[in-house]
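J.: Model the structure of this input:
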Amino acid sequence: MRGRGKQKTVRKVILLVLATGLVLTAGVGLLVNRIMYTQAVERYSNLAFNSARMAASIIDGDRIDEYLIHGVDGSYLLTLDLLRDLQDSSNLTFLYIVRPVADGIVYIFDVDPSLSRAQQIERRGYVADADADVVVMDIFMEVYRAGLPMDDVIVTRTAWGHLASAYVPVVSSSDAIVAVACVDVNMDEIISYVWQQTAIVAAIVFGVFLLSSIIILYFYSKDLKDGERVALERERAHAELDIARNIQMRMLPSFAHPISDRRDFDIYACMDSKREVGGDFYDAFFVDDDVLAVVIGNVTDKSISAALLMSSAMMLIRNSARMVAKAEGIAPNKVFESVNDIMFDTTETNISVSAFMGYLDLTNGEFTYVNAGYNPPLVKLGGGGYGFVEAKPSVVLTSAKNQKFEKNVIHLGAGDALCLYSDSVVDAANNVGEFFSNQGLLEAANNYEGQSAQGLIEAIQENLNKFTEGAGHEDDIVMLALRYVAG
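T.: Modelled structure (predicted):
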């Protein structure tokens, strides 16, 4: 009877734990989704507003009536081509210049990318029923009558997709409102990214919670002697560490096989593990066809939770990089700002993440980077020796909400190289307490006479191992080298 009662208690505890985990996961998922959705709307709002303002500035307000009454002339065609360039460069879904008429709107310019130039010209003077058109009529009329841009972007779900829309008045030289410049940007792809990232974060939270709960329930359900309990706990701890370590190492990219068949760059990275599990990480991936991102970072804690947070940080940085690239282009500082806010709301207050991220444009060698409390990389430029990148570190990630990060740019020529490294490299000590230091790192890099990224890292490792021989080092050694081959 006593055993049956205990089994019922265990079952109740299991159900309670599962219910708690689901509630916690749902709460965190909703929070992350709300934060990321708000950020996505803000980015696309800026794109829509800036594009609408630019379109309004292109239009000659004094010639609106002339375009509608007398038809197409050279000025009209030149203006249309400028608007087409704006639509194409900003990847706008719709761009149109209209004014209200009875029960609808009349098109002056309609730069619909699905139409040819000739068809766009034919749209001049077309009258559309307000109820059947994409324009939000009440807000449109408010902008037209007041002559002021709307306060907030319009976000609507329509037959044309999830749109962020902005309306800006077009005025004549006498300050009369003669038309409205309207821009719509499709957010479907970015919203998909938001939901993907929400699912990833929710899965990590639930996985951590479930793993912890299983461990607790396992020992709760067993009536073991003290000696047996200690032995099993040690075995369980080692098994957990092995699992976490395997997960961690599998997430790090391996350069045993090339990440791309391109020949205009050479990249290699390594992690020399001294702990069973820790928070160091590195990554390399393409944000678009010609831009390669490299990342190195560290979670302050050295535990299973650090490894899980490390994996979460890597996924957030990857997804945010691609999301920001679609909305704002090459802006690694915006990536860190987005990741910072998400992790600030979902991470323990005593854990922080330091990281360095750079984008290499393989078409011209431009390297755009941002530093969040990490070591300045080594850089070799113009055939000279290695020195340190001027990268004044910003604050670490998760230190405060709405933190701003500064981006910097250097230019790499053919054969120029970078080396990113963890602080455990320069902090490694020998038997008499001397540190390898920045000077030791510089000497090791400058004594290497080869060209390959792998060779540079192996040369630094060899010098470091000789320096610490017999003393060893406790922390993981992480390095990533990148050489620009094309000129």
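J.: doesn't residue 292 make contact with residue 486?
T.: No. Counting by C-beta atoms under 8 Å, residue 486 stays clear of residue 292, with 11.7 Å between them. In this view, the C-beta of every residue, glycine as well, is placed from N, C-alpha and C.
J.: low-scoring pLDDT stretches of the stretch 151-300 of the chain, where are they?
T.: Under the criterion pLDDT under 70, the flagged ranges of the stretch 151-300 of the chain are 151-152, 190-191, 193-194, 197, 202, 205-251, 254-258, 274-278.
J.: redo that, cut-off 90
T.: 151-166, 173, 175, 184-263, 270-281, 289, 298-300 (pLDDT under 90).
J.: quick check: domain ranges of the chain?
T.: The record's domain parsing of the chain by automatic domain parsing lists 55-188, 254-484.
J.: from those domains, which stretch is densest packed?
T.: Each of the domains of the chain was scored by mean neighbour count; the highest is domain 254-484, a mean of 19, by mean count of other C-beta atoms under 10 Å.
J.: give me every residue that touches the most centrally placed residue in the chain.
T.: Closest to where the C-alpha atoms of the chain average out (C-alpha atoms, centre = their mean) is residue 320, at 2.1 Å. Going by C-beta atoms under 8 Å, 6 or more residues apart in numbering, residue 320 touches 197, 335, 338, 339, 342.
J.: do that again at 6 Å, thanks
T.: 335, 338, 339 (C-beta atoms under 6 Å, 6 or more residues apart in numbering).
J.: Can you name the element that comes right after the helix or strand hosting it?
T.: Residue 320 belongs to helix 304-328 when elements are defined using DSSP states H and E. The helix or strand immediately downstream of helix 304-328 is helix 332-346, counting by DSSP H and E.
J.: so that following helix versus helix 304-328, what angle?
T.: Calculated by axes from the mean of the first three to the mean of the last three C-alpha atoms, to 10 degrees, helix 332-346 forms an angle of 140 degrees with helix 304-328.
J.: Go ahead and name everything in contact with helix 332-346.
T.: Contacts of helix 332-346 (C-beta under 6 Å, 6+ apart): 28, 31-32, 35, 39, 316-317, 320-321, 324, 328, 357, 359, 370, 372, 397-398, 401, 403, 405, 407.
J.: Averaged pLDDT, it. What do you get?
T.: When pLDDT is averaged along helix 332-346, the result is 88.
J.: same check, this time on stretch 391-401
T.: 80.
J.: With stretch 436-451 instead?
T.: Mean predicted confidence for stretch 436-451 is 94.
J.: residues in contact with it?
T.: 378, 385, 386, 426, 428, 456, 459, 460, 463, 464, 467.
J.: Let's see that with 7 Å instead.
T.: Around stretch 436-451, the neighbours that count as contacts under C-beta atoms under 7 Å, 6 or more residues apart in numbering are 378, 385-386, 419, 425-426, 428, 455-456, 459-460, 463-464, 467.
J.: Show me these that map onto strands.
T.: Using DSSP state E, the subset of these located in strands is 378, 386, 419.
J.: Now for the first one: which residues touch it?
T.: Shown here is residue 378, whose contacts under the criterion C-beta under 7 Å, 6+ apart are 386, 388, 418, 419, 441, 445.
J.: Which residues does it form beta bridges with?
T.: When assigned by DSSP bridges, residue 378 has beta-bridge partners residue 388, residue 419.
J.: any idea how far it lies from residue 389?
T.: Noted for residue 378: a distance of 7 Å to residue 389, by C-beta to C-beta, to the nearest Å.
J.: Same question for residue 463.
T.: Residue 463 sits 21 Å away from residue 389, going by C-beta to C-beta.
J.: Name the SS class of residue 383, please.
T.: Here residue 383 is coil, with the state taken from DSSP: H, G, I helix; E, B strand; the rest coil.
J.: Secondary structure element holding the closest residue to it other than its chain neighbours?
T.: Nearest residue to residue 383 in three dimensions, chain neighbours excluded: residue 415, at 7.1 Å (C-beta to C-beta, 6 or more residues apart in numbering). Secondary structure from DSSP H and E places residue 415 outside every helix and strand.
J.: Backbone torsions only: list them for residue 415.
T.: phi 90, psi -10 (degrees, to the nearest 10).
J.: and residue 413, how far is that from residue 365?
T.: 6 Å.
J.: what's the answer for residue 127, then?
T.: 52 Å.
J.: before we move on, what about residue 68?
T.: Separation of residue 68 from residue 365 (C-beta to C-beta) stands at 50 Å.
J.: same check, this time on residue 467
T.: Separation of residue 467 from residue 365 (C-beta to C-beta) stands at 33 Å.
J.: again with residue 82
T.: 31 Å.
J.: do the same with residue 300
T.: From residue 300 to residue 365 the distance is 34 Å (C-beta to C-beta).
J.: And residue 13, what's its pLDDT?
T.: At residue 13, the pLDDT recorded in the model is 63.
J.: Okay, strands next: where are they in the stretch 51-200 of the chain?
T.: Listed in chain order, the strands of the stretch 51-200 of the chain (DSSP state E, counting those that start in this stretch) span 94-101, 104-110, 127-129, 154-158, 161-171, 177-186.
J.: In JSON lines, list the ones you listed along with distance to residue 86.
T.: As requested, these are exported to JSON lines (distance: least, C-beta to C-beta, whole Å):
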{"stretch": "strand 94-101", "distance to residue 86": "7"}
{"stretch": "strand 104-110", "distance to residue 86": "11"}
{"stretch": "strand 127-129", "distance to residue 86": "22"}
{"stretch": "strand 154-158", "distance to residue 86": "20"}
{"stretch": "strand 161-171", "distance to residue 86": "13"}
{"stretch": "strand 177-186", "distance to residue 86": "9"}
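J.: For residue 265, which of the ones you listed is the nearest?
T.: Comparison of the strands of the stretch 51-200 of the chain against residue 265 by C-beta to C-beta identifies strand 177-186 as nearest, at 32.5 Å.
J.: Which strands border the closest one, and is each parallel or antiparallel?
T.: The sheet places strand 177-186 alongside strand 94-101 (antiparallel), strand 161-171 (antiparallel), with pairing taken from DSSP bridges.
J.: Between strand 104-110 and it, find me the angle.
T.: Relative orientation of strand 177-186 and strand 104-110, computed by the same axes, to 10 degrees: 80 degrees.
J.: Not counting strand 177-186 itself, show me its contacts.
T.: Under the criterion C-beta under 7 Å, 6+ apart, residues 44, 47-48, 51-52, 55-56, 59, 61, 64, 92-99, 108, 134-135, 140, 143-144, 147, 161-172 lie in contact with strand 177-186.
J.: circling back to that earlier point, got the strands paired with strand 177-186 as JSON lines, with distance to residue 154 columns?
T.: Formatted as JSON lines, the strands paired with strand 177-186 follow (distance: least, C-beta to C-beta, whole Å):
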{"stretch": "strand 94-101", "distance to residue 154": "13"}
{"stretch": "strand 161-171", "distance to residue 154": "4"}
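J.: quick one, which of the ones you listed is nearest to residue 284?
T.: Proximity to residue 284 (C-beta to C-beta) singles out strand 161-171 among the strands paired with strand 177-186, at 31.7 Å.
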